[in-house]
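Enquirer: Quick one, fold the following:
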Amino acid sequence: MASGRTHENVNLVALGLLVTAYVFARLFDQPYSLDNALPRGARLAFLVSYLVGTFLVTPDLDLAKNSVRAKSHWGLLGLLWVPYGKLFRHRGLSHSWILGPLTRLLYMGLITIFFIVIAMALTSYFGFELHVAVRLGQSWEPLSLGALSGYFLSQWLHLLADGIRL
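Expert: Modelled structure (predicted):
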């Protein structure tokens, strides 16, 4: 089993290779056709979610102990991942190819909803109103595809480095 630092290095080397391939593709491609296939926002969403998946949201968050490298990157908020580590045994469902990354996305979504509900309750208790509005523009599909592909690729590279096969 690779260490957290090794997983990060593997992902960063892979990202470097992807960026190099992208730059070469842009150099030898028809002008702007590659940019039309990959909108700028989708490329940025891919990069951000790939880095989040590399440093913050890794399959090793299923370890209940606090010495997990990804939890240390969260700082004090790393404590939010302790229940996740108690729910999943290490290298169990959380280290699967599809369900593992989805469990972490679902967990983050539930934590976010929990904090929104707490914030709304507190603000109404003190006589304020808090409204949460989400506006999806026309470009939400490529952004979502970019974000999901970056996140899943970072997770899959982690599983490959752990020796977990399809």
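Enquirer: T54 and W140, how far apart?
Expert: Distance, T54 to W140, by Cβ to Cβ, to the nearest Å: 24 Å. Where C-beta positions appear, they are placed from N, C-alpha and C, glycine not excepted.
Enquirer: Out of the two, name the residue with the larger neighbour count.
Expert: Of the pair T54 and W140, T54 is the one with more neighbours under other Cβ atoms under 10 Å, namely 26 against 12.
Enquirer: you'd agree the more buried one is up against L12?
Expert: Yes: assessed by Cβ atoms under 8 Å, T54 is found in contact with L12 at 7.1 Å.
Enquirer: where exactly do the helices run in the protein?
Expert: Secondary structure of the chain by DSSP state H: the helices cover 4-28, 33-37, 40-55, 69-73, 82-87, 99-125, 140-161.
Enquirer: How far does the fourth one sit from its chain's centre?
Expert: For helix 69-73, the distance between its averaged C-alpha position and the chain's averaged C-alpha position is 14 Å (Cα atoms, centre = their mean, to the nearest Å).
Enquirer: which other helices and strands contact it?
Expert: Judged by 3 or more Cβ pairs under 8 Å, 6 or more residues apart in numbering; DSSP states H and E, helix 69-73 is in contact with helix 4-28.
Enquirer: which outside residues touch the helix it packs on?
Expert: The list of residues contacting helix 4-28 from outside it, by Cβ atoms under 8 Å, 6 or more residues apart in numbering, reads 2, 34-35, 47, 50-51, 53-55, 58, 60, 68-70, 153-154, 157-158, 161.
Enquirer: Which ChimeraX command selects the buried ones in these?
Expert: To isolate the buried ones among the contacts of helix 4-28 in ChimeraX, judged by 16 or more other Cβ atoms under 10 Å, type:
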select :47,50,51,53,54,55,58,60,68,69,70,153,154,157,158,161
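Enquirer: returning to that earlier point: could you work out which of the helices of the chain reaches nearest to V134?
Expert: Closest approach to V134 among the helices of the chain (Cβ to Cβ): helix 140-161, 9.9 Å.
Enquirer: And that closest one, what's buried?
Expert: For helix 140-161, the neighbour count (16+ other Cβ under 10 Å) marks 142-143, 146-147, 150-161 as buried.
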